[in-house]
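Novice: Here you go, sequence then predicted model.
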Amino acid sequence: MSELDEDVFFCVLSHVQEPKTVHALLRAVPKSHPLFSVALRRLLELPIYLDSYDAIVKSKQIIDYLVSPNASKEALAIAQAIQHLVIAVEAVRYKVEEGAVGPRWTSVGDDVLAFRDSLSKLFERTRSLKSLDYYSCPGAPLSAENIEALATCERLYAFHVDASTKRAIWNRMADAEDYEIWNITPFITSLGPSITLFELRGVCMAMLNAILSHRDVLATYKNLQHLKMDITEGAWDWGGGEGTPQRGASSEFMFPFLGFPAVRRFELVVSDFTIHQPRAGPLNLVDCSLLTALSIDVRRGCVTPDLSILMNRH
């Protein structure tokens with residue numbers, strides 16, 4: 001029986017998209033076997049998951065192994081080969097107020113903040129990183145220090161992030177105080193110009209205004225060709241002092257052009273009531289004349305079973 005060529009084996013593994021499958025191979029192949037390093041190389045091309053849930057201890061151990069000042073050559077090589085990170089820093093504390101429909105988020109635990117802060121050293125080691133998917137709603141958003149460290153990842157082209165860091169829950173109306181937004185300024189002024197794919201999840205009106213305040217800078221984003229936005233979150237333009245009856249803007253909201261000059265593909269997640277009138281609406285966010293691909297995912301936006309609340313807003 002002839003031996004399996006390493007290049008052929010890697011070609012086979014390139015069709016495997018599930019990390020668990022590659023993990024199973026690594027457990028079955030002795031570390032000294034030549035094919036072990038081939039399987040490891042493929043694993044490091046696939047998403048590496050880290051989170052602040054029950055696995056926070058395990059995730060912290062992985063980070064400590066990769067960023068230790070006394071890290072081995074093997075650990076350094078592994079860190080430098082990682083291409084895709086998926087990180088969730090979403091644990092929070094909450095309280096129930098008297099007369100409230102449900103609990104409100106209050107703060108992020110110190111252990112979670114420490115976990116978030118440790119990511120800066122990890123980003124400095126993962127110089128081959130190509131894609132980052134960061135979840136923090138509700139939770140601890142990327143800090144300015146995190147963004148500064150990510151700016152050293154010269155191959156990074158895809159950036160996926162939550163716009164809001166806390167949100168209304170328990171199926172009730174959303175007030176502006178229910179939401180806090182990620183400080184997007186450090187990203188826009190440093191990392192943003194080099195990104196070709198940008199996904200912003202849970203955009204509320206406050207985040208939209210924060211983005212618009214940098215429209216002159218965004219007009220220079222010649223590399224950004226793929227934009228993904230979810231605008232179904234947050235308090236928007238409903239008014240009345242009773243909160244937002246749906247997560248998303250009203251159909252009367254005037255969406256402005258964001259300024260991106262080179263977006264060719266636009267993926268939009270939007271509430272049904274936002275686009276129920278025959279007008280461009282959120283499509284004004286981009287230059288539609290440049291688009292070669294458009295995807296619109298329409299969600300049911302009402303968060304209360306009483307539809308008269310929507311009707312009475314007119």
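Specialist: Ah, there it is.
Novice: Pull out the buried positions in stretch 42-58.
Specialist: Using 16 or more other Cβ atoms under 10 Å as the test for burial, stretch 42-58 gives 42-46, 48, 50-52, 56. All C-beta atoms are positioned from the backbone trio N, CA, C, and that covers glycine.
Novice: Which member of those is positioned nearest residue 7?
Specialist: Taking Cβ to Cβ as the measure, residue 7 lies nearest residue 42 of these, at 12.2 Å.
Novice: Who are the packing partners of the helix or strand hosting that closest one?
Specialist: Using DSSP states H and E, residue 42 sits in helix 34-43. For helix 34-43, the packing partners by 3 or more Cβ pairs under 8 Å, 6 or more residues apart in numbering; DSSP states H and E come out as helix 6-13, helix 19-28.
Novice: Identify the residues contacting the longest one?
Specialist: In other words, helix 19-28. Residues from elsewhere that reach helix 19-28, judged by Cβ atoms under 8 Å, 6 or more residues apart in numbering: 13, 16, 36, 39-40, 42-43, 46-49.
Novice: Can you mark which positions in that helix are buried?
Specialist: By neighbour count on 16+ other Cβ under 10 Å, the buried set for helix 19-28 is 19, 22, 25.
Novice: ok, which stretches of the chain are helices?
Specialist: 6-13, 19-28, 34-43, 56-67, 73-81, 110-125, 144-150, 185-186, 205-212, 215-218, 308-311 (DSSP state H).
Novice: so the second one versus helix 34-43, what angle?
Specialist: It stands for helix 19-28. Helix 19-28 and helix 34-43 are oriented at 160 degrees to each other (axes from the mean of the first three to the mean of the last three Cα atoms, to 10 degrees).
Novice: then helix 19-28 to PDB, C-alphas only?
Specialist: Coordinates of each C-alpha in helix 19-28 appear next as PDB, following Å, rounded to 0.1, in the frame of the first residue of the first chain:
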ATOM      1  CA  PRO A  19     -13.700  21.800  12.800                       C
ATOM      2  CA  LYS A  20     -15.000  18.800  14.800                       C
ATOM      3  CA  THR A  21     -14.200  16.500  11.900                       C
ATOM      4  CA  VAL A  22     -10.600  17.700  11.800                       C
ATOM      5  CA  HIS A  23     -10.400  17.400  15.600                       C
ATOM      6  CA  ALA A  24     -11.400  13.800  15.300                       C
ATOM      7  CA  LEU A  25      -8.600  13.200  12.800                       C
ATOM      8  CA  LEU A  26      -6.000  14.900  15.100                       C
ATOM      9  CA  ARG A  27      -7.000  12.600  17.900                       C
ATOM     10  CA  ALA A  28      -6.700   9.600  15.700                       C
END
